[in-house]
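> Build me a model from this:
(chains A, B and C, ligands or ions: 1)
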Amino acid sequence: MKFIADLHIHSHYSIATSKQLIPEYLDYWARIKGITVVGSGDFTHPGWLKELKEKLEPAEEGLFRLKEQFRPQAHSLPLPAPTGQTRFMLTAEISNIYKKDGRLRKVHNLIFAPDFETAEKIQSALAQIGNIASDGRPILGLDSRDLLEIALNCSERIFFVPAHIWTPWFSALGAKSGFDSIEACYGDLSDHIYAVETGLSSDPPMNRMCGFLDKYTLISNSDAHSPEKLGREANLFECGLSYSDITETLKGRDGGRFLGTVEFFPQEGKYHYDGHRKCKVCWDPLQTLQNDGRCPVCGKMVTVGVMHRVARLADRDHTEMPDGQPPFYSLIPLKELLSELYRSGPASKKVSEAYLQLIKKTGSEFNVLLHWPLDELSRVANELLVEGLRRMRSGQVRLSEGYDGEFGRIRVFDEKELRSISSQTKLFAPAVKETETAYNGMRHIRFDIAEYRRLFERKRPKQLDLVEVLNEKKEAQRKTHPLLAPLNREQRAAVEYESGPARITAGPGTGKTRVLTTKIAWLIKVKKQEPCHILAVTFTNRAAREMRERLQIMLDSPEQSQALTVTTFHALGFRLLQERIEETRVIIDETEKQRILLRELDCPVEEVKEQAARITRFKQTLTGPEKSGHALYQSYQRFLDAQRLYDMDDLISRPVFMLRESPDFLEQIRERYRRILVDEFQDINEAQYQLLRLLAPPPRPDLFVIGDPNQAIYGFRGASAQFIPRFAEDYPQAAAFTLHQSYRCSQSVLRASHNVVASGPMLKGLQEGVKITIAPQSSDKSEAEFIARRIEQMLGGVRFFSIDSEVSDGQSSEELQSLGDFAVLVRTSRQMRLIEKAFADHSIPWQSAGDELLFHKEPLRSLLDILRFTDQPDHPYLRKKWTSLVGQEPSAMVGELGALPLKERITRIAALFFAREFDGKTDRLEALLQFAGDFSGDVKEFLQAVTLGSSIDAYQPDSDRVALLTLHAAKGLEFKCVFIAGCEDGLLPYALSGTSPADTEEERRLLYVGMTRAQKYLILTHSRRRFLMGRSLRMRRSPFLDAIEKELIDLYKSTYTKSPSKDTGQLNLFG
DNA sequence: TAGGATCGGACCGTT
DNA sequence: TCCGATCCTA
Ligand SMILES: Nc1ncnc2c1ncn2[C@@H]1O[C@H](COP(=O)(O)OP(=O)(O)OP(=O)(O)O)[C@@H](O)[C@H]1O
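Have a look, this model is predicted:
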């Protein structure tokens, strides 16, 4: 018999699907559509499988139908086909996310199963690998090939299909995380693949450009996330009605005929062609190639679409269907067709009524679209519709391809026609008699693939990066000429303020850092100042590095940027000390400092922390040991001197003392650093301020500082925004600038964050933006899981045809293209662990920063002490370290080690003294070695970087990984989408410390800093329970969130509660 | 005297 | 939960 089958759908257990995806509705909608066999979807989900077993009964071999008692009796809706006619076949889709050949792969695969037993076997096999109960389409860290193997082991009769093969992010051949051939994906088991799913984003002619796909049957399914979407693509069979007949027919074996597929127009997809939506540039692959991928309007690389990917893999110069291939039918869903004719929405009443009428008359939607004789239809239907159907059936459509997030448009009439039609009813001659051939293979590929392939071969080397995401650096390079062009008027004024002291105070994202960087370049290039006389001070090495990189691009020669000093306060201080003081000293960290107080100076354990903090305070306020009258401080300082050590605070305070005492040295340094620029001025402390004041004495030095008092978040280390007004007092001649335009945050983000701090001027945002999401969660675990899923889902929004509007809550997130667009911010680095686990479970690549630097923790910490000693074998304190670590007095070995190059030395030390620590677990050692690789053997440089470094220094902005950062570490960064986890009273504001009192205002600013990292999407999560200090605590939502205006908030309601398995034993079984 | 087991306290942010 | 200090054993 002839019948239609839709074999890829989802159940209500899948994420972002309609609650109506239950057997009863599937049965009903399949009949409305005219589908005989519908896939069950999601058989990997225990809850769904249970539901299927409960509601279905066996029909033909391998097929099932709704049990009598679940069939609705008297139905208010029209029931065109006899109830119970729909057949179910067991199907599932699995999202495989894994690394292969060094790249992240995300491939979706379909499995058909012949019976419940097989489905259960597959289910229990997959339960070993990952969580199959949390999503109807489970995400498994499993190679596609291995999934195929597992399925085959469960039953030889399973049927396995690579799903929607061209979807860029989630498919076997996808541009972003797929392969270049089916074989590359499934390896030795490729022979078990008989069919591939073309998906909504491609149709048979596109696939036929790829001869390597000829051997597969091209099938098409709806991938429906709601019952109404059933059959938007489907398969036509002529064979027996059974599982075996269907799968054997797909294998091309005797007995059945595959009559082809019903297709969506792939041109309608948002990323079919290439181009730039904003610049209104839409290109086919050939045009893109001819232009080397560069947009003629803005000069950036265009966004590349699916067609381009197909063209890239094409091995044929034409799109002719090879002989013997089944036909296909490109259709427009009836409601959309009606919607065009009636010029009202597809969900409108008018359209729905007309739709029901037609279904009643003809029996099903497919009858209308495919078979029903038009002359017969014209008796009951509007002539316009008949003409529309005629045109659609014969492929006479007007289409414009989608590109760069813009949907394509498929129309059967043009505007003029529609307008004239609405005024006159009878326009058309009676419907033209259509012929059989009109159905066959309408090709709408409108560029020359042969020419593309020729050109591509010619340009191959240049084209390799075409698909790569735009490179920021190239962009900057292009824009810097002329230097001031990328600045607004306020910013320019600040740059061009030529001499004398000045400050900018302005809010987040107003371009303060950009102004500072541009100013340096401007001073050198336009004002011809010597770079060696310019000093720029930042707070982190990362900020310094970023600024150096920017300047390297902006300046003409590498010599110029080399001559500049861009550094942190601490590195600057250390440099000054080294310059002036002969003896080489070693810098110790906080841990070492406390160890000294405890072990060497007999400070009682319970006092160590407090005493250490007191000493820090003395130093940060420039109170010397004598003046302090503090005995322990005095003996501590004596110890440091005797052992040739500096602690962190010495790096600021000592240079101040030194410069005060040596006027000639001071003069020399002032002469050198004639112009000083300071970023993040709100986070400066007394000692740092005094150092600056010494280097740039009032009244009129060329000192330029920028900051934002609302972003002051380092009060705990003595910093205070009070130094901003203090600066104004000490330098009365200073000019004050401010900036009002935020180039980062949307208006909603700005408003909400402004609500939180309630101070400072309200900035102007670039766009209105979208609402802020507040998502309550039940536990810290589910919070982490929520974040991982949300990221997946938002990136998934990039998937073509996220037409099911439920998927993205009406918020399109198509500009989220890379994992690097996401950041998750936390108050404490402890919170990171669970989130990291969730990322690992979902195979989401991430980078963390904010936790203590790996190199400051054992065993690397001790290893580095040994390394330091080999570099300074006469150092008294390091000598002690060696003796206690190695277990004997230093010997000739020290010299031998010292003679080795850096990396070998590290390896050797590890092998000699840390063999056990690194036994089998060399990842930390490797990290150290890799870091060492950046220093081309300069041991001292390396050691300084290790000592003064922090984990944020290793942050790589363009690495396509989610950033997991503490709020502190996120300062100065920006992301399209920001999550702030743990917005709970007690955590943010933090109030769990016994020692230091809570500073609510600083905590508030911390949240402000976090929120203003977001360009567009901001998601604040909090959980009712949290595991802290070994105990599970009840948490309330952070009171800070209460200040945010209600209309800016989108309160997230969990959709998971619909899964009843949550509170029963199920989770334990699979979690 | 090295290295494992046990115990108890911290409890955040960083150069 | 985790880390370090201390205790304990071979
Ligand atoms: N005139 C401008 N035109 C377009 N974009 C700009 C302009 N000025 C700055 N930007 C962009 O705005 C963003 C924020 O700039 P920047 O990091 O310099 O701000 P900031 O004031 O230092 O922020 P924060 O206070 O959060 O550190 C950056 O992406 C920057 O490239």
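> make it CA atoms for all contacts and neighbour counts henceforth
Fine.
> if I look at the residue nearest to the spatial centre of chain A, how far off is A:Arg961?
What sits nearest the mean C-alpha location of chain A, by Cα atoms, centre = their mean, is A:Leu819, with 2.3 Å. Taking Cα to Cα, to the nearest Å as the measure, A:Leu819 falls 5 Å from A:Arg961.
> Also A:Gly174?
19 Å.
> Those two: which has the busier surroundings?
Using other Cα atoms under 10 Å as the criterion, A:Gly174 and A:Arg961 rank with A:Gly174 on top: 22 against 19.
> nearest residue to the closest residue to the ligand within the stretch 551-700 of chain A other than its sequence neighbours?
Across the stretch 551-700 of chain A, no residue is closer to the ligand than A:Glu680, which sits at 7.5 Å (Cα to the nearest ligand atom). Residue nearest to A:Glu680 in three dimensions, not counting chain neighbours: A:Gly707, with 4.7 Å by Cα to Cα, 6 or more residues apart in numbering.
> Could you double-check that that neighbour sits in contact with A:Ala502?
No. In this structure A:Gly707 lies outside contact range of A:Ala502 using Cα atoms under 8 Å: 11.5 Å.
> can you give me the helices in the stretch 251-400 of chain A?
Secondary structure of the stretch 251-400 of chain A by DSSP state H, counting those that start in this stretch: the helices cover A:285-290, A:306-313, A:334-342, A:349-362, A:365-366, A:374-380, A:383-393.
> nearest to DNA strand C, of the ones you listed?
helix A:306-313 (43.2 Å; Cα to the nearest atom of the strand).
> other SSEs contacting the closest one?
Judged by 3 or more Cα pairs under 8 Å, 6 or more residues apart in numbering; DSSP states H and E, helix A:306-313 is in contact with helix A:204-208, helix A:285-290, helix A:449-463.
> residue ranges with poor pLDDT in the stretch 351-500 of chain A?
Residues of the stretch 351-500 of chain A meeting the criterion pLDDT under 70: A:419-443, A:460-481.
> again, 80 this time
By pLDDT under 80, the low-scoring segments of the stretch 351-500 of chain A are A:380-382, A:405-407, A:414-444, A:458-482.
> Get me the contact residues on it for the ligand.
Taking Cα under 6 Å from any ligand atom, the part of the stretch 351-500 of chain A that reaches the ligand is made up of A:Pro486, A:Leu487, A:Asn488.
> same thing with the stretch 151-300 of chain A?
Counting by Cα under 6 Å from any ligand atom, no residue of the stretch 151-300 of chain A is near the ligand.
> In the stretch 151-300 of chain A, which residue sits closest to the ligand?
Counting by Cα to the nearest ligand atom, the stretch 151-300 of chain A gets nearest the ligand through A:Cys298, at 13.8 Å.
> can you give me phi and psi for that residue?
Here is the backbone geometry of A:Cys298 (degrees, to the nearest 10): phi -110, psi -10.
> same deal with A:Pro58?
Dihedral angles of A:Pro58 (phi, psi; degrees, to the nearest 10) stand at phi -60, psi 140.
> What count of nearby residues applies to the residue nearest to it when sequence neighbours are not counted?
Closest residue in space to A:Pro58, ignoring its immediate chain neighbours: A:Phe64 at 4.4 Å, by Cα to Cα, 6+ apart. If you count neighbours by other Cα under 10 Å, A:Phe64 ends up with 27.
> gap between the residue of chain A found nearest DNA strand C and A:Arg830?
Nearest to DNA strand C, among the residues of chain A, is A:Gly1030, at 3.5 Å (Cα to the nearest atom of the strand). Distance, A:Gly1030 to A:Arg830, using Cα to Cα: 12 Å.
> more neighbours, the two?
Ranked by neighbour count (other Cα under 10 Å), A:Gly1030 and A:Arg830 place A:Arg830 first, with 14 against 7.
> Doesn't the more buried one belong to a strand?
No. Using DSSP: H, G, I helix; E, B strand; the rest coil, the assignment for A:Arg830 is helix, not a strand.
> residues contacting it?
By Cα atoms under 8 Å, 6 or more residues apart in numbering, the contact set of A:Arg830 is empty.
> the domain parsing of chain A - what is it?
A:2-313, A:333-436, A:483-583+A:650-739, A:586-643, A:747-852+A:956-1068, A:855-943 (automatic domain parsing).
> quick revisit: contacting residues for the residue of chain A closest to DNA strand C?
With contacts taken as Cα under 8 Å, 6+ apart, A:Gly1030 has no neighbouring residues.
> how about it, phi and psi?
phi 80, psi 0.
> Give me the neighbour count for the residue in the stretch 801-950 of chain A positioned nearest to the ligand.
Residue nearest to the ligand within the stretch 801-950 of chain A: A:Asp821 (12.5 Å; Cα to the nearest ligand atom). A:Asp821: 23 surrounding residues under other Cα under 10 Å.
> Surely it touches A:Phe979?
No. Counting by Cα under 8 Å, no contact exists between A:Asp821 and A:Phe979, whose distance comes to 11.2 Å.
> joint contacts of those two?
Between them, A:Asp821 and A:Phe979 share no contacting residue, judged by Cα under 8 Å, 6+ apart.
> returning to what we had before: hey, what's in contact with both of A:Leu819 and A:Arg961?
A:Pro845.
> where's the closest residue to A:Arg660 other than its chain neighbours relative to A:Ile15, distance?
Excluding its sequence neighbours, the residue lying closest to A:Arg660 (Cα to Cα, 6+ apart) is A:Leu666, at 7.4 Å. The gap separating A:Leu666 from A:Ile15 is 66 Å, by Cα to Cα.
> okay, and for the stretch 151-300 of chain A, where does confidence drop off?
A:254, A:270, A:299-300.
> How about stretch A:95-102, which residues are buried there?
For stretch A:95-102, a neighbour-count test (16 or more other Cα atoms under 10 Å) marks A:Ser95, A:Asn96, A:Ile97, A:Tyr98 as buried.
> any chance of those in TSV, plus pLDDT and secondary structure?
What follows is the buried residues of stretch A:95-102, written out as TSV (pLDDT from 0 to 100; DSSP: H, G, I helix; E, B strand; the rest coil):
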residue	pLDDT	secondary structure
A:Ser95	91	strand
A:Asn96	91	strand
A:Ile97	86	strand
A:Tyr98	87	strand
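> got the residues of chain A near DNA strand C?
Applying Cα under 7 Å from any atom of the strand, one finds that chain A approaches DNA strand C through A:Arg595, A:Lys857, A:Glu858, A:Leu1028, A:Met1029, A:Gly1030.
> Which one (most neighbours) among the residues you listed?
Neighbour max across these (other Cα under 10 Å) = A:Arg595, 15 neighbours.
> Let's see stretch A:578-598 as CSV, backbone CA atoms only.
The C-alpha trace of stretch A:578-598 is given here as CSV (Å, rounded to 0.1, in the frame of the first residue of the first chain):
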residue,chain,number,x,y,z
GLN,A,578,65.3,45.5,41.3
GLU,A,579,66.7,48.4,39.5
ARG,A,580,67.8,50.1,42.6
ILE,A,581,68.8,47.3,44.9
GLU,A,582,71.6,45.0,44.0
GLU,A,583,70.6,41.9,45.9
THR,A,584,68.0,39.7,44.2
ARG,A,585,65.0,38.9,46.3
VAL,A,586,62.3,36.4,46.0
ILE,A,587,58.6,37.3,46.3
ILE,A,588,56.5,35.2,48.7
ASP,A,589,52.7,34.9,48.6
GLU,A,590,50.2,35.1,51.4
THR,A,591,50.5,31.4,52.3
GLU,A,592,54.3,31.7,52.7
LYS,A,593,53.9,34.8,54.7
GLN,A,594,51.6,33.1,57.2
ARG,A,595,53.9,30.1,57.3
ILE,A,596,56.7,32.4,58.3
LEU,A,597,54.7,34.1,61.0
LEU,A,598,53.7,30.7,62.4
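> So stretch A:690-700, near DNA strand B or not?
No. Counting by Cα under 7 Å from any atom of the strand, DNA strand B has no neighbours in stretch A:690-700; the shortest distance is 14.1 Å.
> Put the alpha carbons of that stretch into PDB.
Output of stretch A:690-700 as PDB, limited to C-alpha atoms (Å, rounded to 0.1, in the frame of the first residue of the first chain):
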ATOM      1  CA  GLN A 690      51.100  57.500  47.100                       C
ATOM      2  CA  LEU A 691      53.400  55.800  44.600                       C
ATOM      3  CA  LEU A 692      51.500  57.500  41.800                       C
ATOM      4  CA  ARG A 693      51.700  60.800  43.600                       C
ATOM      5  CA  LEU A 694      55.500  60.400  43.900                       C
ATOM      6  CA  LEU A 695      55.900  59.600  40.300                       C
ATOM      7  CA  ALA A 696      53.600  62.300  39.100                       C
ATOM      8  CA  PRO A 697      53.800  65.100  41.700                       C
ATOM      9  CA  PRO A 698      51.200  67.900  41.800                       C
ATOM     10  CA  PRO A 699      50.400  70.400  40.500                       C
ATOM     11  CA  ARG A 700      50.500  69.600  36.800                       C
END
